[in-house]
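Engineer: quick one, what's the 3D model for this:
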Amino acid sequence: MPISSPLLRKLKYFSKVSVKIIEVQTGRILYSAVAEGISSAETKEESLRDACKSAFHPLVWMFLISQKPAVEPIKVDSAVKEEYEKGEIDWTNGYIRAKGYGFVDPEKPKGKAKLLAERAAVVDARRNLLEIIKGVHITSKTVVEDYMVSSDIVVQRVQGIVKNARIIGKPKYYDDGRVEVWVEMKLENLVKAILTNTKESEGGEKAEVKEVVIKIPEGIKACVYPRILDENGNILFDASQYLDVKKRWDEAIKYIKGKVSSSPEGSMVIETISAKGCDVVVKKEDVEKVNKLKKWGSCLFKFGKLVINLVI
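Structural biologist: This next block holds a predicted model:
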């Protein structure tokens with residue numbers, strides 16, 4: 001029985017996974033297998049096996065499937081969120097959310113009045129969502145609105161994803177006649193909407209680690225494409241230069257509020273000393289680690305396997 005591609009992509013993040021597919025009515029086991037590492041896991045991505053299997057063994061990642069991970073390099077405390085008066089950006093889980101309000105007209109029939117109020121609240125929420133989106137930092141110096149000003153195509157794309165933002169939860173009614181509605185959209189969809197031309201990185205050395213953990217100071221401004229600088233302000237690593245980060249942003253970049261274990265197995269930890277907007281400045285002794293990240297990136301980003309965890 002073939003396994004779907006989305007499931008295969010999730011299975012590749014696990015160092016050991018037991019899979020059983022059971023027929024609901026009879027309880028009969030239709031499929032059973034144990035996958036250990038990428039070399040034996042069932043996958044259609046032959047090019048990934050050829051390019052990276054000797055260098056990379058999948059990591060159990062707690063965000064993908066609710067199963068106890070084999071390695072826990074990071075203890076997650078909470079999500080990294082950017083709060084606004086009428087919404088929020090959840091950088092950890094990759095969502096932008098906004099709320100809107102409508103008012104129930106007491107002179108109309110109750111059912112119709114509620115329906116109209118909820119519709120008005122959704123329109124208001126999506127309008128607020130657009131305002132929040134415009135201010136999302138793509139890099140330390142650019143926000144989404146900069147891309148919208150310079151490109152009508154980007155405007156159309158952004159308006160399209162805002163229009164399709166989904167309603168979450170149930171409408172909340174207040175005693176004063178207001179009704180509150182929340183909507184949300186994926187950050188990944190925004191990244192794709194403003195996708196600019198980037199030359200695909202060629203080659204790429206085989207990685208010696210499963211993931212990269214960057215310990216960053218509090219006060220950093222989260223953005224879509226973080227950069228790593230040396231103490232002199234030179235750019236050592238720029239995530240925006242990898243086409244596959246843009247295509248699979250939600251698989252490549254994670255902002256996490258938590259603690260890094262003293263010796264995270266299979267991970268490379270990069271220490272930073274300060275933040276400059278959305279950029280981080282790395283310790284002098286860790287510059288070589290950043291150079292390794294740059295060399296490995298094009299191989300592992302290409303297959304969505306290298307996760308950069310920015311831990312606050």
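Engineer: show me where the stretch 201-312 of the chain has helices.
Structural biologist: Counting by DSSP state H, counting those that start in this stretch, the stretch 201-312 of the chain has helices at residues 243-247, 249-252, 287-302.
Engineer: nearest to residue 237, out of those?
Structural biologist: helix 287-302 (5.3 Å; Cβ to Cβ). The C-beta positions use only the backbone N, C-alpha and C, and glycine is treated the same way.
Engineer: residue ranges with poor pLDDT in this structure?
Structural biologist: 1-77, 196-205, 207, 260-265, 298-312 (pLDDT under 70).
Engineer: can you list the domain ranges for it.
Structural biologist: The record's domain parsing of the chain by automatic domain parsing lists 1-66, 81-193, 200-311.
Engineer: what helices or strands is the top helix by length along the chain leaning on?
Structural biologist: Among the segments of the chain that qualify as a helix by DSSP state H, the longest is helix 110-134. Helices and strands touching helix 110-134, by 3 or more Cβ pairs under 8 Å, 6 or more residues apart in numbering; DSSP states H and E, are strand 87-90, strand 95-103, helix 144-150, helix 152-163, strand 166-173, strand 178-186.
Engineer: tell me the buried residues in the last one?
Structural biologist: Okay, so that is strand 178-186. Using 16 or more other Cβ atoms under 10 Å as the test for burial, strand 178-186 gives 179-186.
Engineer: that older thread, can I get the helices of the stretch 201-312 of the chain in TSV including mean neighbour count?
Structural biologist: Converted to TSV, these look like this (neighbours: other Cβ atoms under 10 Å):
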stretch	mean neighbour count
helix 243-247	21
helix 249-252	20
helix 287-302	19
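Engineer: make a markdown table from these and add distance to residue 213 to it.
Structural biologist: Formatted as a markdown table, those follow (distance: least, Cβ to Cβ, whole Å):
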| stretch | distance to residue 213 |
| --- | --- |
| helix 243-247 | 17 |
| helix 249-252 | 14 |
| helix 287-302 | 10 |
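Engineer: quick one: closest of the ones you listed to residue 131.
Structural biologist: helix 249-252 (21.8 Å).
Engineer: which other helices and strands does that closest one contact?
Structural biologist: By 3+ Cβ pairs under 8 Å, 6+ apart, helix 249-252 packs against helix 187-193.
Engineer: which residues does the helix it packs on contact?
Structural biologist: With Cβ atoms under 8 Å, 6 or more residues apart in numbering as the test, helix 187-193 has contacts from 89, 91, 94-96, 133, 136, 144, 154, 157-158, 160-161, 224, 246-247, 249-250.
Engineer: change it to 10 Å
Structural biologist: When contacts are defined by Cβ atoms under 10 Å, 6 or more residues apart in numbering, helix 187-193 is touched by residues 89-91, 93-96, 133, 136, 138, 144, 147-148, 153-162, 164-165, 185-186, 224-225, 245-251, 253.
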